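Chemist: Predicted model, plus sequence, below.
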Protein chains: 2
Amino acid sequence: MMKTPLNISMMLERAELFFPKKQVVSRMKGGVVRHTYKEIGERTRRLSSVLKRLGVEVGDRVGTFAWNHHRHLEAYFAIPGIGAVLHTINIRLSPQHIAYIINHADDRVLLIDDDLLPAIEAVKDEIPNVRAFIIMTDKDELPDTTLSPVYHYEKLLADGDPTFPFLKDLDEYQPAGMCYTSATTGNPKGVVYTHRSTVLHAMVLGLADTQGLCERDVVMPVVPMFHVNAWGLPFAATWFGSTIVMPGPAFTPKVLAELIDSERVTITAGVPTIWLGLLQELEKGNYDVSSLTRVICGGSAAPKGIIRAFEEKYGIPFIHAYGMTETSPLVLVSRPKSYQDGLSYEEKLDIRAKQGLLAPGLEMKVIGQNGPIRWDGQEMGELCLRGPWIAAEYYNDERTKDSFRDGWLHTGDVVTVDEEGFVKIVDRTKDVIKSGGEWISSVDLENALMAHEAVFEAAVVAVPHPKWQERPIACVVLKEGKRVTKEELYDFLRPQFTKWWLPDDIVFLDEIPKTSVGKFLKRKLRDEMAARYADAAKE
Amino acid sequence: MMKTPLNISMMLERAELFFPKKQVVSRMKGGVVRHTYKEIGERTRRLSSVLKRLGVEVGDRVGTFAWNHHRHLEAYFAIPGIGAVLHTINIRLSPQHIAYIINHADDRVLLIDDDLLPAIEAVKDEIPNVRAFIIMTDKDELPDTTLSPVYHYEKLLADGDPTFPFLKDLDEYQPAGMCYTSATTGNPKGVVYTHRSTVLHAMVLGLADTQGLCERDVVMPVVPMFHVNAWGLPFAATWFGSTIVMPGPAFTPKVLAELIDSERVTITAGVPTIWLGLLQELEKGNYDVSSLTRVICGGSAAPKGIIRAFEEKYGIPFIHAYGMTETSPLVLVSRPKSYQDGLSYEEKLDIRAKQGLLAPGLEMKVIGQNGPIRWDGQEMGELCLRGPWIAAEYYNDERTKDSFRDGWLHTGDVVTVDEEGFVKIVDRTKDVIKSGGEWISSVDLENALMAHEAVFEAAVVAVPHPKWQERPIACVVLKEGKRVTKEELYDFLRPQFTKWWLPDDIVFLDEIPKTSVGKFLKRKLRDEMAARYADAAKE
């Protein structure tokens, strides 16, 4: 068999050859703009030629700082097309982290959306190795900026070569992309994607059992293109000749609902918050969303209520998936098996609210307190992954040793696996409570407590224990004006959990300490509770 | 990204882990037998352990001589699972060719169906390097045979290790399979498949735009497992956890219709002759074939009448595909594009009767008399292919240089490509008539002539011509009792073809010389006609 390498350029070339008339639709500030794949192909080749002229060499990193639109799609192919590395920078990072990752990746050129310029200007003195700033703007002239040297994307393209050939004889393990993932503490960690991993991952998105992406689809990636390559959708959609709908810089729920209606979107993908917002908008407006054949939800678990609302009110299948920056991202997709057809809707909903079955091509193992767990939907362990689109390391980062051991990615996610192999995320390894050789899910206890009508917030953390190693302590914030006693809460929990899962204490707090993005700061809470119960631990 | 190799074993392992209850159904002589993937997995591991015990080493070839059934499926995984090479021997070859390929591949062990024993016994003295003959039989005892040493498949398995681990750290370019393809002259030519090519090809079968194979499917491969791995279906179906229905040793149209009905088959694949036979059976019987969601047809072009009959009478989408032993085989699949939905059924049928669009992952070029052809559905050229599941050579065969040049497989198939990229096979390069810098399709002229009510058979061949290089001569055999003049045939052809396509002469023969399998022996006819028109060629 031929040893032809898997190469990202072949995906765009297939669209140019076989689907030149099909479109990439971008909702820009001035309205919707449309480009055919023929035009996208020529513009991408122009961009490749321009980047070469600006001195970008094989292996160099080129950063993007942009929303979801056609120009960003062009960068997705133009940069790997010359053997360089597409570094998609998360526009929501702090200035400190933005400067850190630009320097850590050693970006040579940055492509920046005009409305996002201030965030890069704010760190311009800290990123001395960037040689050129290319501004992506719909306007004819460059905006005022303190960056230098700056170029106008469209003017550069006008001088580019629309027939520029992509590099095809690259090693398939050549880096093609980079994405940084936030760490609980410290700087973001970089993950490098290769041509091979990107192509294989895109192919998996076309499998009927995962997302079944195909030519017939109108794909709207709502997940940002700076987040794990918009889950690989721009690559796969181009390869298969799907129509792409890019929601652009101002993707409010209203814009999304309008685009689904007017462009007849068949598949869209994003995080639960997006779908909650869309649901509210659909209630308000009079939209036709009957074109949608599935909504893909990842990033975090969607409450069953959202799944039910999409399906019962709008007849749109809602599909849970799981992945992370380190996994390209697709790992799990939750579709019941064909022989589960006969289950009731509620039973299927229970399955579909899990994260799902492992995608073809990957291997998993789940390691609990006592080695590999039983597949009984009860025993918990850490999900570990292996496969051709799973990262082997963090880029130049000594934290690699924490997550990559013995050839496996240790995800840090605590899961159960049911008898049918469906994986359910139940906690993070650092938050799970290790009690007497068994694990207790902090998330399960929190969800149960927060279901009480008097409870506003609940966080459950481990404190050291001389006999059981760790025991759970529940921290509860009550709703304004509501009252409940500790004993009442225990009575509420007792029927739901086995005895040794019940927290050793329930503490009422005025508030739970939180991170800047609103997540529970469990580390701080753990320290506080450990101090409070230090005497108990010594007993 | 991890450099985990693509490995065939991971396909079966996924079925064992996630689909242990799903079934492989085999129609054996004694009736239908059922095995779950859990059982298939254990039996496969037993076979792997037994083959190791018989001395099979990494890289050794193991031949199979068998119908489509569960034991053959076990061999599909057990042999590559120990790093050996699965050599599927075509049971329909002549004894001389069977001996040739067993020796050329250097098979160490043969797995043989009991009812096929005579064909191997007939050549036993010519295959001295085969160390063991394993007989696959439903009976408790071995049949009488002159082969030695012989083993009983099930008795060997009974002593095997059901937990035997597959080799996982193989290089993905390690040979995993072999299949020989008949040559027009001389011995069959061997094609070697690798773990990488087999896995990538299986994944492509799961793409929604090709065959969309998925867990929900009940797959019945009618194409033999000794023919290009039954088009890769056993690998893909196992990987995705589909139910497999194996039609076994006696797959008459009646058996196929019964299996579709009773097992609720959703997808089946085979050559046009099979579908013609099935159609006739469906007319006769009272079968429920409503479970079928698609019939895949390859091997040679299906007449529009067959496509129409399946779709209009039975509502079963009929999908044309194209490939060859050298291409694993999937290359082209004929599904109209979404924006062609508005065409009439007849217009879509015209598209669907072509061989189709190139599968993702491959590259094609079509080279005519004057270089790359225009995509106008008219200009003809030879289809050339490149990609990770396209052969790079024939195994130890100097004929490699005829078909593999400049990194491309030259298929020998002459095609046109229409404006939308749909490829249509119009001839073989050796049969096409090269006239004045243009090509004339012998097949098109033959089909036109055979559409005349008086014509039984027609073969069109090239004769040398001093000015035009080659010119077509038509050889026609009339139906019994029918008469037609040369001039009447010209009148019949004239409205259908441009002037220079018309044959220089039409010759009436009593019969067309044929090969042993009934194909036109065009080489012989060409020689005869060249002699007959030798004087004209000298003018």
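Modeler: The structure has been received and is ready for your questions.

Chemist: how near is residue A:142 to chain B?
Modeler: Per Cβ to the nearest Cβ, to the nearest Å, residue A:142 is found 37 Å from chain B. To be clear about C-beta, it is placed using only N, CA and C from the backbone, and glycine gets the same treatment.

Chemist: what's near enough to touch that residue?
Modeler: Applying Cβ atoms under 8 Å, 6 or more residues apart in numbering or on different chains to residue A:142 gives the contacts A:135, A:150, A:152.

Chemist: which residues of the stretch 201-350 of chain A fall in strands?
Modeler: With DSSP state E, counting those that start in this stretch as the criterion, the stretch 201-350 of chain A has strands at A:218-221, A:243-246, A:267-270, A:294-297, A:318-323, A:330-333.

Chemist: want to throw those into a markdown table with mean neighbour count, mean pLDDT and distance to residue A:52?
Modeler: Shown next, in a markdown table, are these (neighbours: other Cβ atoms under 10 Å in any protein chain shown; pLDDT from 0 to 100; distance: least, Cβ to Cβ, whole Å):
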| stretch | mean neighbour count | mean pLDDT | distance to residue A:52 |
| --- | --- | --- | --- |
| strand A:218-221 | 26 | 98 | 28 |
| strand A:243-246 | 27 | 98 | 26 |
| strand A:267-270 | 26 | 97 | 33 |
| strand A:294-297 | 24 | 96 | 36 |
| strand A:318-323 | 24 | 95 | 33 |
| strand A:330-333 | 26 | 97 | 32 |
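
Chemist: now the ones you listed as CSV including distance to chain B?
Modeler: As requested, these are exported to CSV (distance: least, Cβ to the nearest Cβ, whole Å):
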stretch, distance to chain B
strand A:218-221, 9
strand A:243-246, 8
strand A:267-270, 11
strand A:294-297, 12
strand A:318-323, 14
strand A:330-333, 11
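
Chemist: export those to JSON lines and tack on distance to residue B:91?
Modeler: Formatted as JSON lines, these follow (distance: least, Cβ to Cβ, whole Å):
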{"stretch": "strand A:218-221", "distance to residue B:91": "46"}
{"stretch": "strand A:243-246", "distance to residue B:91": "47"}
{"stretch": "strand A:267-270", "distance to residue B:91": "45"}
{"stretch": "strand A:294-297", "distance to residue B:91": "44"}
{"stretch": "strand A:318-323", "distance to residue B:91": "44"}
{"stretch": "strand A:330-333", "distance to residue B:91": "40"}
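
Chemist: Skip the chain neighbours and tell me the closest residue to residue A:330.
Modeler: In space, and not counting its chain neighbours, residue A:330 is closest to residue A:323: 5.1 Å by Cβ to Cβ, 6 or more residues apart in numbering or on different chains.

Chemist: Next up, the contacts around that neighbour.
Modeler: Residues in contact with residue A:323 (Cβ under 8 Å, 6+ apart) are A:228, A:231, A:298, A:329, A:330, A:331, A:332.

Chemist: What distance do you get for the residue nearest to the fourth one when sequence neighbours are not counted to residue B:341?
Modeler: Put plainly, it is residue A:329. The shortest distance from residue A:329 to any non-neighbouring residue, by Cβ to Cβ, 6+ apart, is to residue A:323 (2.7 Å). Per Cβ to Cβ, to the nearest Å, residue A:323 is found 33 Å from residue B:341.

Chemist: Then residue A:172?
Modeler: Counting by Cβ to Cβ, the gap from residue A:172 to residue B:341 is 36 Å.

Chemist: Compare those two and say which is more crowded by neighbours.
Modeler: residue A:172 (19 against 9; other Cβ atoms under 10 Å in any protein chain shown).

Chemist: so how many other residues sit close to residue A:344?
Modeler: Other residues within reach of residue A:344, judged by other Cβ under 10 Å, total 8.

Chemist: Hmm, I typed the wrong one, I wanted residue A:469.
Modeler: Applying other Cβ under 10 Å, we find 15 residues neighbouring residue A:469.

Chemist: So the residue lying closest to residue A:163 once chain neighbours are set aside, which state does it fall into?
Modeler: The shortest distance from residue A:163 to any non-neighbouring residue, by Cβ to Cβ, 6+ apart, is to residue A:45 (6.3 Å). Look at residue A:45: counting by DSSP: H, G, I helix; E, B strand; the rest coil, its state is helix.

Chemist: Contact partners for residue A:45?
Modeler: A:78, A:81, A:160, A:161, A:162, A:163, A:164, A:165, A:166.

Chemist: Kindly report the same for residue A:306.
Modeler: A:272, A:275, A:276, A:279, A:297, A:318.

Chemist: In CSV, list those residues along with distance to residue B:513.
Modeler: Output for the contacts of residue A:306, formatted as CSV (distance: Cβ to Cβ, whole Å):
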residue, distance to residue B:513
A:272, 71
A:275, 69
A:276, 74
A:279, 72
A:297, 65
A:318, 64
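
Chemist: Between those, which sits nearest residue A:417?
Modeler: residue A:297 (20.3 Å; Cβ to Cβ).

Chemist: Now the two most distant members of the contacts of residue A:323.
Modeler: In these, two members sit farther apart than any others by Cβ to Cβ. They are A:228 and A:332, at 14.4 Å.

Chemist: what's near enough to touch the closest residue to residue A:37 other than its chain neighbours?
Modeler: With sequence-adjacent residues excluded and distances taken as Cβ to Cβ, 6+ apart, residue A:37 is closest to residue A:15, at 4.1 Å. Residue A:15 makes contact with A:22, A:37, A:40, A:41, A:238, A:239, A:241, according to Cβ under 8 Å, 6+ apart.

Chemist: what residues are up against residue A:430?
Modeler: Applying Cβ under 8 Å, 6+ apart to residue A:430 gives the contacts A:184, A:412, A:522.

Chemist: For the residue nearest to residue A:329, give its distance to residue A:439.
Modeler: From residue A:323 over to residue A:439 the distance is 23 Å, taken as Cβ to Cβ.

Chemist: again with residue A:110
Modeler: Between residue A:110 and residue A:439 the distance is 44 Å, computed by Cβ to Cβ.

Chemist: Count the residues that sit near the residue lying closest to residue A:343 once chain neighbours are set aside.
Modeler: Sequence neighbours aside, residue A:336 is the residue nearest to residue A:343 in space, at 7.1 Å (criterion: Cβ to Cβ, 6+ apart). Using other Cβ under 10 Å, the number of residues around residue A:336 comes to 20.

Chemist: is any part of stretch A:82-98 close to chain B?
Modeler: No - between stretch A:82-98 and chain B, judged by Cβ under 8 Å from any Cβ of the partner chain, nothing touches; the nearest distance is 12.8 Å.
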